[in-house]
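> coords please:
(one chain, ligands or ions: 1)
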Amino acid sequence: MPELPEAEKARRILERLCVGLRIAEVEDADTWVCRPHQPGELDRALRGEVVTAACRHGKFLWLETDGGHELGLHLGMGGSIRSAPVAAPRGWDRIAIVFEDESRVALRDKRRLSRAHLGAGIDHLGPDALTITPQAFRKRVGTGRAPIKARLLDQAVLAGVGNLLADEALFDALIEPRRPAGSLAVEELDQLRSSLRHGMREALKADGGSGRGRFARARRGGQCPRCGCELERATVGGRTTYWCPDEQPAGAPR
Ligand SMILES: [Zn+2]
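Presented below is the predicted three-dimensional model:
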């Protein structure tokens, strides 16, 4: 499942493949992925315009054009950005942009859970997890009675963190995932923000995705990669969650 690092990698690909090019045609026949638009609607809006920027907020992507349009793109569970010659087979391409130079950039998604629509579609999102300030992080994340893990996953609070990044960062910051968000000390919140940023940067550097961190790899084996004790497992915030019971204590540290 894509988290912020996968979205940022896709944004960089979009930037490299699309920015500066004029749109000749948009293949927008998939009425499910392009809902609520009808076939031809995205094409009519964007045809002839030049892509000026590839942007990201949390897990959401969008292209901006010189005509003032935004084409929102969401990768769903397993969508990816592909570049292919116009004549190549279409397969699982859900939407594609053909440029005047005859290059073609497609959103490929076997499971059809991706989205494409006019407008960035980010109004419901909290600040981006990679750029949020310590002050905003303390105020938004460190509040309420919900488990801290659930708070991290709430995209309206903080945009971009998924299940694996959340577990990895809580493990790194020595915080038990079920603790009420409002019970965390300022130092713990600052550490958590820093652990999250570290996890995202590492995932951006690695070839793989957010599942390649030390803790994400170890959780399958059920053993803490630091102290070797057996990991605890429970559903927190609706997601399967792992933590080290020795190093991530249930109460606030004394
Ligand atoms: Zn441990």
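
> isn't residue 204 right up against residue 8?
Yes: with contact defined as CB atoms under 8 Å, residue 204 reaches residue 8; the gap is 6.1 Å. For every residue, glycine as well, the C-beta is placed using N, CA and C.

> for the lowest-mean-pLDDT helix or strand in the chain, packing partners?
Sorting the helices and strands of the chain by mean pLDDT, DSSP states H and E puts helix 214-219 at the bottom, at a mean of 80. In terms of contacts (3 or more CB pairs under 8 Å, 6 or more residues apart in numbering; DSSP states H and E), helix 214-219 is packed against helix 163-172.

> could you point out which element follows the helix it packs on?
helix 186-205 (DSSP states H and E).

> which residues are in contact with that next one?
The contact list for helix 186-205 (CB atoms under 8 Å, 6 or more residues apart in numbering) reads 3-6, 8-9, 129-130, 132, 134, 137-138, 141-142, 148, 152, 160-161, 165, 168-170, 172-175, 184, 209-210, 212-213, 252-253.

> again, 6 Å this time
The set of residues that contact helix 186-205 without belonging to it, under CB atoms under 6 Å, 6 or more residues apart in numbering, is 4-5, 130, 134, 137-138, 142, 165, 168-169, 172-173, 175, 210, 213.

> from those residues, which has minimum pLDDT?
Minimum pLDDT for the contacts of helix 186-205 is recorded at residue 210 (65).

> Could you show which parts of the chain are in contact with the ion?
For the chain, the residues in contact with the ion (CB under 5 Å from the ion) are 224, 226, 227, 244, 246, 247.

> Which of the residues you listed fall within helices?
Among the residues of the chain next to the ion, no member falls in helices (DSSP state H).

> So residue 25 sits against residue 98, correct?
Yes: the pair residue 25 and residue 98 qualifies as a contact (CB atoms under 6 Å) at a distance of 4.4 Å.

> With neighbour numbers in mind, choose between these two.
residue 98 (19 against 16; other CB atoms under 10 Å).

> Just the buried subset of the residues of the chain next to the ion, written out for ChimeraX, thanks.
In ChimeraX, this line selects whichever of the residues of the chain next to the ion come out buried by 16 or more other CB atoms under 10 Å:
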select :224,244
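
> which residues sit in contact with residue 33?
Residue 33 makes contact with 94, 114, 116, according to CB under 6 Å, 6+ apart.

> tell me which element it falls in.
Here residue 33 is assigned to no helix or strand, by DSSP H and E.

> where in the stretch 101-250 of the chain is pLDDT low?
Applying pLDDT under 70 to the stretch 101-250 of the chain picks out residues 208-212.

> how many neighbours does residue 95 have?
So residue 95, with other CB under 10 Å, has 25 neighbours.

> show me what contacts it?
With the criterion set at CB under 6 Å, 6+ apart, residue 95 makes contact with 28, 107, 116.

> just curious, which of these is nearest to residue 14?
Distance to residue 14, by CB to CB, is smallest for residue 107 among the contacts of residue 95, at 9.7 Å.

> before we move on, the earlier item: what's the most distant pair in the residues of the chain next to the ion?
Maximum pairwise distance among these (CB to CB): 9.0 Å, between 226 and 246.

> on that earlier part again, whichever of the contacts of helix 186-205 end up buried, select them in ChimeraX.
Per 16+ other CB under 10 Å, the buried members of the contacts of helix 186-205 correspond to this ChimeraX selection:
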select :4,5,130,137,138,142,165,168,169,172,173,175,210,213
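
> Out of the contacts of helix 186-205, flag the one nearest to residue 58.
Checking the contacts of helix 186-205 against residue 58 with CB to CB, the nearest one is residue 4 at 6.4 Å.

> Which residue is the nearest non-sequential neighbour of the closest one?
Residue nearest to residue 4 in three dimensions, not counting chain neighbours: residue 160, with 3.2 Å by CB to CB, 6 or more residues apart in numbering.

> Count residues in the vicinity of residue 238, would you?
10.
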